[in-house]
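Undergrad: Pasted the sequence and its predicted model underneath.
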Amino acid sequence: MSEQTTTLSFRRPTEAEVAALRKWYKEYEASGWGGDPFPVPDFTSESLPNWFRSTEDRPCRDFHKMLEEVHTVLVLYDVHPFTRIPGLIPPLVPFFESYFELYLEQSRFECKWECYLKHQIEIGLLPRPVGITTPPFPSILQFPPCLSVIQLVSDSNTIRARYKSGLLRSEQINLIGATIEGVIGDCRSIMRKYSLSDLSGRQAFQAAKKVENQLFIFYYMTQRLLRGLLCHENFRSERLEVLLLKYVQEDGCSENVLEGIQKAEKLKSWIRTCQFMNAITRANGKWVWNESDETLLASKYIVCVEGKLLWRDQLIPLQDIDLSYYLDRKLGMEGG
């Protein structure tokens with residue numbers, strides 16, 4: 001393989017191209033439900049956008065993946081006639097156009113990866129898979145995060161309501177944009193780090209799995225950050241917006257932010273489990289550890305150092321964990 005990604009320039013579709021995408025979608029639906037009497041939708045028509053249609057150097061993708069692309073584009077521009085998903089508010093569209101371009105690059109590269117994988121199997125550098133019909137290389141489409149993140153922001157009643165009423169501050173828009181730009185940069189960095197052009201056989205397979213795991217973490221945590229904070233109805237603090245924006249715009253901080261969120265989510269999940277197992281109780285209005293509980297003492301997540309119980313993953317003393325922060329509903333996001 002001579003290249004890591006296929007250079008592809010995404011251009012905002014014209015009204016005629018959007019109409020062609022709608023027509024393609026209808027033909028796809030007809031062929032899917034009607035079977036043989038209906039024609040397979042044309043994916044080479046010049047009326048389709050250049051980035052969508054198949055050409056000699058860009059072979060046809062799986063129809064399901066092409067359908068995801070149509071869904072995403074129609075959601076981007078608020079012209080989707082078949083779902084109730086509202087479109088993005090205009091200030092957010094440019095950020096997601098860049099995200100969608102990355103999505104397209106990875107989708108096209110997967111086609112080349114499939115050919116590469118088949119060749120490696122044929123010449124004996126990779127074992128022939130048993131019961132696996134899809135290539136192991138992780139495409140952005142595998143989790144469909146592009147569409148799901150767009151749905152998350154476009155379907156946020158809080159964001160849309162604030163925008164329509166003129167109450168959506170530029171800081172919140174820029175925070176969402178910075179989040180999207182950060183994950184784009186991180187994903188491209190990962191793809192460069194594990195360049196499959198320098199690998200072959202088993203090494204390529206292992207590198208692909210590393211890419212898969214890391215991309216999933218970035219996409220998942222991006223959704224958590226948007227849903228749990230930036231698009232939350234209680235996120236109203238202008239001072240917090242300004243502080244966060246200054247922080248996330250610093251070079252190299254995006255990966256640290258995502259890593260910190262991931263650790264906090266892991267700790268929160270474990271604390272919730274401890275609460276369910278009665279290893280945490282509420283006494284005198286405060287959450288406290290039940291250190292005599294056998295479940296807590298036997299937990300694989302606990303280590304004992306110099307007579308103190310610590311959370312294994314970060315060696316945090318249990319008494320230093322703010323249980324009220326993780327277990328109480330109000331997290332202090334209100335206020336100015």
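TA: Structure's in. What do you need? Residues are numbered from 1 along each chain as shown.
Undergrad: just so I have it, where are all the helices in the stretch 201-336 of the chain?
TA: With DSSP state H, counting those that start in this stretch, the ranges of helices along the stretch 201-336 of the chain come out as 201-225, 238-248, 254-276, 294-297, 323-327.
Undergrad: now the first one: mean pLDDT?
TA: In other words, helix 201-225. Averaging pLDDT along helix 201-225 gives 64.
Undergrad: unless I'm mixing things up, L226 is touching G182, no?
TA: No: assessed by Cβ atoms under 8 Å, L226 is found out of contact with G182, at 11.8 Å. Glycine gets a C-beta too; all of them are placed from N, C-alpha and C.
Undergrad: which regions of the stretch 51-200 of the chain sit below the pLDDT cut-off?
TA: Residue ranges of the stretch 51-200 of the chain with pLDDT under 70: 56-62, 78-86, 105-117, 126-152, 155, 190-200.
Undergrad: ranges for the helices of it?
TA: Under the criterion DSSP H, counting those that start in this stretch, helices of the stretch 51-200 of the chain are mapped to 63-76, 93-122, 145-154, 157-164, 170-193.
Undergrad: Switch those over to TSV; also include distance to R282.
TA: Listed next are these as TSV, based on distance: least, Cβ to Cβ, whole Å:
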stretch	distance to R282
helix 63-76	44
helix 93-122	43
helix 145-154	33
helix 157-164	31
helix 170-193	35
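Undergrad: Just send these back as a markdown table, with mean neighbour count too.
TA: What follows is the helices of the stretch 51-200 of the chain, written out as a markdown table (neighbours: other Cβ atoms under 10 Å):
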| stretch | mean neighbour count |
| --- | --- |
| helix 63-76 | 20 |
| helix 93-122 | 18 |
| helix 145-154 | 21 |
| helix 157-164 | 16 |
| helix 170-193 | 18 |
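Undergrad: To A279, which of these lies closest?
TA: Among these, helix 145-154 comes nearest to A279, with 33.4 Å by Cβ to Cβ.
Undergrad: of the helices of the stretch 51-200 of the chain, which approaches N234 most closely?
TA: Smallest distance to N234 across those (Cβ to Cβ): 9.1 Å, for helix 157-164.
Undergrad: For R272, find the nearest of the helices of the stretch 51-200 of the chain.
TA: Nearest to R272 among those is helix 145-154 (22.7 Å), distances taken as Cβ to Cβ.
Undergrad: on that earlier part again, wait, which of the helices of the stretch 51-200 of the chain is closest to W287?
TA: Using Cβ to Cβ, the helices of the stretch 51-200 of the chain put helix 157-164 closest to W287, at 29.3 Å.
Undergrad: C-alpha coordinates for the closest one, CSV please?
TA: Extracted as CSV, the C-alpha positions of helix 157-164 are listed here (Å, rounded to 0.1, in the frame of the first residue of the first chain):
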residue,chain,number,x,y,z
ASN,A,157,-33.3,21.1,21.9
THR,A,158,-31.3,23.2,24.3
ILE,A,159,-28.8,24.3,21.6
ARG,A,160,-31.6,24.9,19.0
ALA,A,161,-33.8,26.8,21.4
ARG,A,162,-31.0,29.1,22.6
TYR,A,163,-29.9,29.7,19.0
LYS,A,164,-33.5,30.6,17.8
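Undergrad: If you compare the directions of it and helix 170-193, what angle comes out?
TA: Calculated by axes from the mean of the first three to the mean of the last three Cα atoms, to 10 degrees, helix 157-164 forms an angle of 120 degrees with helix 170-193.
Undergrad: Now do helix 157-164: which elements does it pack against?
TA: Packing contacts for helix 157-164, counted by 3 or more Cβ pairs under 8 Å, 6 or more residues apart in numbering; DSSP states H and E, involve no helix or strand.
Undergrad: So what touches it?
TA: 86, 89, 91, 153-154, 168, 172, 231-233 (Cβ atoms under 8 Å, 6 or more residues apart in numbering).
Undergrad: Can you flag the buried ones in the residues you listed?
TA: Among those, those buried by neighbour count (16 or more other Cβ atoms under 10 Å) are 89, 91, 153-154, 168, 172, 231.
Undergrad: And those residues, which is closest to N50?
TA: Comparing those against N50 with Cβ to Cβ places S154 closest, at 24.9 Å.
Undergrad: excluding its backbone neighbours, what's nearest that closest one?
TA: In space, and not counting its chain neighbours, S154 is closest to L88: 4.8 Å by Cβ to Cβ, 6 or more residues apart in numbering.
Undergrad: Nice, that's everything, thank you.
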